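**Student:** A predicted structure for the sequence below; I have some questions about it.
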Amino acid sequence: MKSKSDTRNYVLGLGAAGAVAVMAAAALAYAVSFKRKRPAYSRQEWSEALSEIGTIRNFEGIVDDIADRGIHPDIRADAWPFLLEVFDYNSTFQQRQQQHQLMVRQYQQLLLQCQAYEAALKESSMPSSHCAAGLAPASAVQYEQQQQQQQQQQQPRSVKGKQHSLPEQVRQFAEAHRIIIIDAVRTDFQKHSAAMGLYDDSSGCCSSSREDPGRLNSSAQTADAGFIDSSTFGSGVVHLAGLVSQGWNGLQQYWLGNFLGGQAAAWGHRQALWVSEAAQLVLETSSHMSEESKRQASRMAAMLSAYALHDPDMGYCQGMSDLLLPFLLLFEDDALAFWCFVAVMQRQGVRRNFAVDESGIFSQLRTLAQVLEEVDKPLMFRLHQLGAAECHFAYRMVVVMMRRDLPIGKVMHLWELLWANAWRQRRPSHKMAMYTAAAHSEDSQVSSDSDVDSKTAQPVAMQVVADSRACRSYVGCSSWANNSDFNLFTCFVAAVVISQRRVLLGHCYDADDVLRTFHSLHDIGVWQCLHKAQEIQRAVAAQHYLVH
């Protein structure tokens, strides 16, 4: 049992370490306020980087600039497909045109498959298909209640003595599409469009991007009667039967006929779009939605339904609509928006956040707790006391990549910074440079703190091991070496947690208080937290001699 003097010394040690951490955070905020004097990567720089045939010169240098400066919103639609590796930066305009045509064909095939499943549902006696068969709900809320009741009452049933059954994949699609419609209708497209600076109050629709040599352009628009004209959505939704009657050749002609140049970007507001009858019925009765919001909700429902078929093992999970929204608002080209979303889900590792057993998300939360334990022991000690040491309060932040915790513009900014840093950290030259910087930081930290009592006042929030030589003998033996969850995003979330240090230490009294704290964040400094995340990553890397 500890004596009173031991307890007092321990508390004083925690207090001193906490004070140093707060001072370090203040100094960091002051330094970061001067960090971003350089403007974001501009359209002029992007245009100068494009060669005459469309290849991008010095793309690795551009990635470094984006990681340090961010991207001007005006060129996000051009740069994101390259950051996400949807397009190869060495490809020409012509090659990207051909690849885009293939992307459109593949996306259209998924929509046709959605329509085929919808037709199968209409012919069946499944309760969840009643709405699609014509039983219109009075509102989106009634639709949700009706679907929940039908799901609870769902039992194998026969009609006129004959058992009706559906393939399992069709039943899965029906359930996924039901949830997708609800999530799409709940999304506030007008609010998020306005936050991006895209919403035009005079017209009620998103302003179109201006033409630029870096974009795919479909300036010519067709007026085929079989397609949905989203500008007149409310006056009567056109059914997709016209698309099928024209066959694949008609679809191909509409989707691809306008792509004659090697430029890159928006379809405009008039495009082919599959809208299920269930979605039509809900949208027609959603009086709270503007016509533009209904158009965007239709696009969202189509893309998420297509993804559920593209990745049948995962299907659709709530939260995916949050991740899709930035792409849907950024790209009027549905196929490009869809495949960029697929790239984030699969190449960026976000897909595992939606695993049924939640193994992916809980693995990341465990890593977050380990990072906090490494860099801020007093804070982690307090989280243990509050019953929040498992970091479940960060579940939402992690599962949807801060999408609900940041305004739409800021989350897009964060994502592109993370993608650019991921690109940069994959380069061998940067891996060695990052470790060298961390090792130098470690040595200078040791020398500057040599005359300070390490038990009381050593900076816990950013400390590294005192003996760098011992650290350097620890090559490759740490469990961190094989932990894919130890990445810049996890460190960013750790930085957000540390930014609330004062509240957590002094104003939270149980795990519910911690949860409320992080569900009510209003102003997260992206650049400040990103800079601190990089410091955290370097500190842990140096402490365990990792090269990422």
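**Tutor:** Structure received.
**Student:** buried sites along stretch 345-354?
**Tutor:** 345, 348, 349, 350, 351, 352, 353, 354 (16 or more other CB atoms under 10 Å). The C-beta positions use only the backbone N, C-alpha and C, and glycine is treated the same way.
**Student:** no no, stretch 499-506
**Tutor:** Buried residues in stretch 499-506, defined by neighbour count with 16+ other CB under 10 Å: 499, 500, 501, 504, 505.
**Student:** if we can go back for a sec, farthest pair within the buried residues of stretch 345-354?
**Tutor:** Greatest spacing in those, by CB to CB: 348 and 354 (13.1 Å).
**Student:** Next, please give the residue ranges for the strands of this structure.
**Tutor:** Applying DSSP state E to the chain gives strands spanning 158-159, 162-163, 199-200, 205-206.
**Student:** what about the closest residue in space to residue 343 that isn't next to it in sequence, how many neighbours?
**Tutor:** Nearest non-adjacent residue to residue 343, counting by CB to CB, 6 or more residues apart in numbering: residue 84, 4.1 Å away. Neighbourhood size, residue 84 [other CB atoms under 10 Å]: 21.
**Student:** List the residues that contact residue 84.
**Tutor:** For residue 84, the contacting residues are 340, 343, 344, 347, 348, 419, by CB atoms under 8 Å, 6 or more residues apart in numbering.
**Student:** Any figure for the gap between residue 92 and residue 333?
**Tutor:** Distance, residue 92 to residue 333, by CB to CB, to the nearest Å: 19 Å.
**Student:** Looking at those two, which is more packed in?
**Tutor:** More crowded of residue 92 and residue 333, by other CB under 10 Å: residue 333, with 25 against 15.
**Student:** what pLDDT does that one get?
**Tutor:** Looking at residue 333, its pLDDT reads 93.
**Student:** Repeat that for residue 167.
**Tutor:** 83.
**Student:** How many residues are close by the closest residue to it other than its chain neighbours?
**Tutor:** Distance criterion CB to CB, 6+ apart; nearest residue to residue 167, sequence neighbours excluded, is residue 120 at 7.9 Å. Residue neighbour count, defined by other CB under 10 Å, stands at 18 for residue 120.
**Student:** what do you get for residue 389?
**Tutor:** Neighbour count of residue 389, defined by other CB under 10 Å: 16.
**Student:** cool, and residue 85?
**Tutor:** Neighbour count of residue 85, defined by other CB under 10 Å: 13.
**Student:** do you know how far residue 353 is from residue 81?
**Tutor:** Residue 353 is 22 Å from residue 81, by CB to CB.
**Student:** Likewise for residue 179?
**Tutor:** Remark: distance between residue 179 and residue 81 (CB to CB) = 28 Å.
**Student:** Let's see stretch 176-193 as PDB, backbone CA atoms only.
**Tutor:** Extracted as PDB, the C-alpha positions of stretch 176-193 are listed here (Å, rounded to 0.1, in the frame of the first residue of the first chain):
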ATOM      1  CA  ALA A 176     -30.000  -3.000 -48.200                       C
ATOM      2  CA  HIS A 177     -32.100  -0.800 -50.500                       C
ATOM      3  CA  ARG A 178     -34.700  -0.300 -47.800                       C
ATOM      4  CA  ILE A 179     -32.000   1.200 -45.500                       C
ATOM      5  CA  ILE A 180     -30.400   3.100 -48.300                       C
ATOM      6  CA  ILE A 181     -33.600   5.000 -49.100                       C
ATOM      7  CA  ILE A 182     -34.100   6.000 -45.500                       C
ATOM      8  CA  ASP A 183     -30.500   7.200 -45.200                       C
ATOM      9  CA  ALA A 184     -30.700   9.100 -48.400                       C
ATOM     10  CA  VAL A 185     -33.900  10.900 -47.500                       C
ATOM     11  CA  ARG A 186     -32.400  11.800 -44.100                       C
ATOM     12  CA  THR A 187     -29.300  13.500 -45.600                       C
ATOM     13  CA  ASP A 188     -29.400  17.300 -45.700                       C
ATOM     14  CA  PHE A 189     -28.000  17.900 -49.100                       C
ATOM     15  CA  GLN A 190     -28.800  21.600 -49.100                       C
ATOM     16  CA  LYS A 191     -26.900  22.200 -45.900                       C
ATOM     17  CA  HIS A 192     -23.800  20.400 -47.000                       C
ATOM     18  CA  SER A 193     -23.900  21.900 -50.500                       C
END
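**Student:** List the buried residues for it?
**Tutor:** Neighbour-count burial for stretch 176-193 flags 176-185, 187, 189-190, 192-193 (criterion: 16+ other CB under 10 Å).
**Student:** average model confidence for it?
**Tutor:** Average pLDDT, stretch 176-193: 91.
**Student:** tell me the contacts of residue 111?
**Tutor:** With contacts defined as CB under 8 Å, 6+ apart, residue 111 is in contact with 274, 302, 306.
**Student:** cutoff 6 Å now
**Tutor:** Listed by CB atoms under 6 Å, 6 or more residues apart in numbering, the contact partners of residue 111 are 274, 306.
**Student:** heads up, I number from 898, so please use that
**Tutor:** Done: numbering now begins at 898, and the last item shifts to residue 1008.
**Student:** how close does it sit to residue 1226?
**Tutor:** To residue 1226, residue 1008 is 20 Å away according to CB to CB.
**Student:** Same check on residue 1256?
**Tutor:** For residue 1256 relative to residue 1226 (CB to CB), the value is 31 Å.
**Student:** Neighbour count: these two, which is higher?
**Tutor:** Using other CB under 10 Å as the criterion, residue 1256 and residue 1226 rank with residue 1226 on top: 21 against 10.
**Student:** and that one, what pLDDT?
**Tutor:** Here the pLDDT value assigned to residue 1226 is 95.
**Student:** Same question for residue 1051.
**Tutor:** With respect to pLDDT, residue 1051 scores 48.
**Student:** how about the helices in the stretch 1098-1247 of the chain?
**Tutor:** Assigned by DSSP state H, counting those that start in this stretch, the helices in the stretch 1098-1247 of the chain fall at 1138-1153, 1174-1181, 1188-1207, 1217-1227, 1231-1243.
**Student:** Export those helices as TSV, with columns for distance to residue 1063.
**Tutor:** Putting the helices of the stretch 1098-1247 of the chain into TSV (distance: least, CB to CB, whole Å) gives the following:
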stretch	distance to residue 1063
helix 1138-1153	20
helix 1174-1181	16
helix 1188-1207	15
helix 1217-1227	24
helix 1231-1243	26
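**Student:** quick one: which of those helices is nearest residue 947?
**Tutor:** For residue 947, the closest of those is helix 1231-1243, at 17.7 Å, according to CB to CB.
**Student:** Mind exporting the C-alpha coordinates of the closest one to PDB?
**Tutor:** Extracted in PDB, the C-alpha atoms of helix 1231-1243 (Å, rounded to 0.1, in the frame of the first residue of the first chain):
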ATOM      1  CA  ASP A1231     -21.900   9.500 -61.200                       C
ATOM      2  CA  ALA A1232     -19.500   6.900 -62.500                       C
ATOM      3  CA  LEU A1233     -16.500   8.800 -61.400                       C
ATOM      4  CA  ALA A1234     -18.000   9.500 -58.000                       C
ATOM      5  CA  PHE A1235     -18.900   5.900 -57.600                       C
ATOM      6  CA  TRP A1236     -15.400   4.500 -58.400                       C
ATOM      7  CA  CYS A1237     -13.700   7.100 -56.200                       C
ATOM      8  CA  PHE A1238     -15.900   5.900 -53.400                       C
ATOM      9  CA  VAL A1239     -15.000   2.300 -54.100                       C
ATOM     10  CA  ALA A1240     -11.300   3.300 -54.000                       C
ATOM     11  CA  VAL A1241     -11.800   4.800 -50.600                       C
ATOM     12  CA  MET A1242     -13.600   1.800 -49.300                       C
ATOM     13  CA  GLN A1243     -11.200  -0.800 -50.600                       C
END
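**Student:** and it, which residues are buried?
**Tutor:** 1231, 1232, 1233, 1234, 1235, 1236, 1237, 1238, 1239, 1240, 1241, 1242.
**Student:** what's next to it, contact-wise?
**Tutor:** Contacts with helix 1231-1243, where a contact means CB under 6 Å, 6+ apart, come from 981, 983, 1000, 1001, 1004, 1200, 1221, 1224, 1225, 1228, 1247, 1248.
**Student:** This completes my enquiry, with thanks.
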